[in-house]
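# here you go, sequence then predicted model.
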Amino acid sequence: MITSVRARDFVRAVAVLVVVLLASACARQGDVTVIRFWTIGREGEVVRELLDDFERAHPGVRVESQQMPLTAAHEKLLTAFAGDSLPDIGQLGNTWIPELATLGALEPLQAYVNQSKSVPQADYFAGIWDTNVIGGTLYGVPWYVDTRLLFYRKDILARAGFNDPPRDWNEWKRALAAVKENAGAGNYAIFLPLNEFEPLLNLGVQGGDPLLRDDGTRGNFESPTFRRALDFYVEMFRRGWAPPMSNQEISNVWDEFAKGFFAFYITGPWNVGEFRRRLPPDMQDKWDTAPLPGPDGPGAAIAGGSSLVMFSNGTHKKEVWQLIEFLSQPKQQARFHALCGDLPPRRSTWNDPGLANDERAKAFRDQLERVKPTPKVPEWERIAQQLRITSERVVRGGESADIALRDLDARADEILEKRRWMLARNGTR
Amino acid sequence: MNERRAAWTFIAPSLIVIGGFFVVPVVAAFVLSLTDFDLYALASVDNLRFVWLGNYVDILKTPLFWKSLGNTLYFVVAGVPLSIFVSLAAALLLDSKLARFKGAFRTALFAPVVTTVVAVAVIWRYLFHTRYGLINFTLAKLGIAPIDWLGDPHWSMPAIILFAVWKNFGYNMIILLAALQGIPRDLYEAAHIDGASLRQRLRHITLPMLRPALLLVAIITVSGYFQLFAEPYVMTQGNPLQSTVSVLYFMYDEGFTWWSLGRASAIAFLLFLLILAATTLLLRWSRRGDGA
């Protein structure tokens, strides 16, 4: 008995030893190039399927992918930079590109794009491509795009006397007022979560004035167009069209949407799948998407999403670029969309039947032509948080818009102090 | 002489460990707090500026710091007495001769301490839910209008205090229970024979005998509650209207969200001074009580 166990253990040990020896022999011969790929969240789960195909098409290249949760990704990237352990290629939210580009962690990609036939810049939505260009240098290739627009209840809107979704702010205001009137006690027309800066920011980029001025070194929130956006945003709360609530207080937005607690919701493409999955079956033909109304006609919105970047300290740059090219093919982007619902950044991918026939994707396709990047400074996210705090102070705290915007500009100027110092110093050098 | 050398030899290992893992990092953090170390400095040390006490002055001028300090003091002033009171009450009940199933109750009351804060926060968020929460449901039965616990800036901190007290009272309860069981029973018997009432026995025997334990519990709780972080982090993320941003939360945000490590270190030192001052006052106050 005892000896048989020992014999089995011995065989096992020998087997392990053989495998280890073989593996190390392979690595020593160097005929397999391993590239390290860091992904974020859900995309990391589904991309594996595409990576397997890439490996089949490129024998000798192996992609080692590692998935980071979104909440920890930013910290992990910065820590990895500090510890000089960034991978070869990564997925990067496009608002993080300015930060990592400032750190010098990203490889400029224009030369690669110029020589490549499979990444034609003209095929990409201009606003999305632009988010990857920092100070005139290209640092990423768009992988998928996000833009927030209106999700609305067709039946509630019809009951209020509107057959089509609103196209500009005036129509929208009339629709909001009518929906609120018909909504019944305790219900509202629109949900604008107070813990998100995106709804207000999307309205804010619709005007002509930039959010920051003087080469992104000072706040510009007192501009007439931003003021107009804030006034409209606040009006929605003051008139009782929107409940002054955050996501935490709602707990389950899909439930509340189905119950008619609100009829409009500004959110992004990930919610198309969620709405299909989480709303009850009898609700499925009662909701739709529409481009975000602007001050006069369909408006702009923020260009969000993720890009593929090459880290400058990484190795195997040729193979990394091959992988970027592979993932940028319309065919792979269409597959990727089918796997996780992310929207492709190339116009030609949108001709794929899976997308072209999707009614609810049409509004996104339409809006993507109008998206705009947020200011491309590393401090932007911090300023956006201040924007959220400001809007909450006006909505919940009843502060006047004048004072709030003056404070917001002052805060933005404070946050950008170091940037001004750095630019001034580089100018004198 | 020889004895002295032996003593140094014996404590040397601990001194080296304390030096390497405590003194050096603390000194480094202090130096860091005198610089404007941020993302740009991470890119290149050339971008680092020595600002001396600039960070400290700056933080003292930041409204959010004072707001977070006010929130933290609110939490400490309301939370510590409440927490100790609940712990003491639970300990007295468990110590009572009338109590049955002591082991089961002790375990049940201690359980929140060892549960994961993130997991119980999910449940508490449902309890606090404005429309469907059990707490508002109970209040409605009593004829009280629903309270927007996590959304109203006036109620968010009470909600956090309730959650934190529930989460933490079990720890102090165990310490106090041990101290209670250490009080000689003959004291109570003598008092009983002398005709002392239950309240008199509590006031003149139990509380004086518990004094050292209560002081220990108070110091642990004060310094722990000053470091409020996890509860608002998982329940409200500092919202609404920044009414649940604590000093430590403010520091975390500066350091790890925005990577302003210089400012974050300065906040850490300010918080350290604050806790030091509070616990010193507490100790001095208790010593004066001894003399009287």
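Arrived safely, thanks for sending.
# how near is the residue in the stretch 51-200 of chain A that chain B sits nearest to to B:Ile147?
As assessed by C-beta to the nearest C-beta, chain B sits closest to A:Leu103 within the stretch 51-200 of chain A, at 4.4 Å. For every residue, glycine as well, the C-beta is placed using N, CA and C. Distance from A:Leu103 to B:Ile147, counting by C-beta to C-beta, to the nearest Å: 46 Å.
# repeat that for B:Asp58.
According to C-beta to C-beta, B:Asp58 and B:Ile147 sit 37 Å apart.
# same question for B:Tyr188.
From B:Tyr188 across to B:Ile147, the span is 43 Å (C-beta to C-beta).
# between those two, which is the more surrounded one?
B:Ile147 (18 against 14; other C-beta atoms under 10 Å in any protein chain shown).
# quick check, pLDDT for the residue nearest to that one when sequence neighbours are not counted.
Nearest residue to B:Ile147 in three dimensions, chain neighbours excluded: B:Trp155, at 5.4 Å (C-beta to C-beta, 6 or more residues apart in numbering or on different chains). Note for B:Trp155: predicted pLDDT of 92.
# number of nearby residues for residue 140?
Went with chain A since none was named. Count around A:Gly140 with other C-beta under 10 Å applied: 27.
# hm, I was asking about chain B
Residues lying near B:Ala140 (other C-beta under 10 Å) number 11.
# helix or strand for it, which one?
Assigned by DSSP states H and E, B:Ala140 belongs to helix B:134-141.
# go through that helix and flag the buried ones.
Buried positions in helix B:134-141, judged by neighbour count with 16 or more other C-beta atoms under 10 Å in any protein chain shown: B:Ile135, B:Asn136.
# and after that helix, which helix or strand comes next?
Under the assignment DSSP H and E, the closest C-terminal helix or strand after helix B:134-141 is helix B:153-181.
# which element follows that following helix toward the C-terminus?
For helix B:153-181, the succeeding helix or strand toward the C-terminus, using DSSP H and E, is helix B:185-193.
# returning to that earlier point: what number of residues lie near the residue nearest to B:Ile147?
17.
# just to check, it is in contact with B:Trp149?
Yes: at 5.1 Å, B:Trp155 and B:Trp149 qualify as touching, with contact defined as C-beta atoms under 8 Å.
# thinking again about what came up before, what's the distance between the residue of the stretch 51-200 of chain A closest to chain B and A:Met68?
Counting by C-beta to C-beta, the separation of A:Leu103 from A:Met68 is 17 Å.
# sorry, back to before: contacts only, for the closest residue to the residue of the stretch 51-200 of chain A closest to chain B other than its chain neighbours.
Counting by C-beta to C-beta, 6+ apart, A:Leu103 lies nearest to B:Ala43, which is 4.4 Å off, once chain neighbours are set aside. Counting by C-beta atoms under 8 Å, 6 or more residues apart in numbering or on different chains, B:Ala43 touches A:Thr102, A:Leu103, A:Gly104.
# among those, which ones are in helices?
The helices in this structure, assigned by DSSP state H, contain A:Thr102 from the contacts of B:Ala43.
# centre-most residue in the chain?
In the absence of a named chain, chain A is used. A:Gly305 (3.1 Å; C-alpha atoms, centre = their mean).
# nope, chain B
B:Tyr225 (1.8 Å).
# not counting its neighbours along the chain, what's nearest that residue?
Leaving aside its chain neighbours, B:Tyr225 sits nearest to B:Val76 (4.8 Å; criterion: C-beta to C-beta, 6+ apart).
# can you give me the neighbour number for the one you found?
Counted with other C-beta under 10 Å, residues neighbouring B:Val76 total 23.
# ok, it - contacts?
Taking C-beta under 8 Å, 6+ apart, we find B:Val76 in contact with B:Val222, B:Tyr225, B:Phe226, B:Leu228, B:Ala278.
# and what of B:Pro240?
Counting by C-beta under 8 Å, 6+ apart, B:Pro240 has contacts A:Leu194, A:Ser246, A:Glu392, A:Arg396, B:Leu150, B:Gly151, B:Asp152, B:Pro153, B:Ser156.
# over to A:Asn271?
A:Asn271 is in contact with A:Phe151, A:Tyr265, counting by C-beta under 8 Å, 6+ apart.
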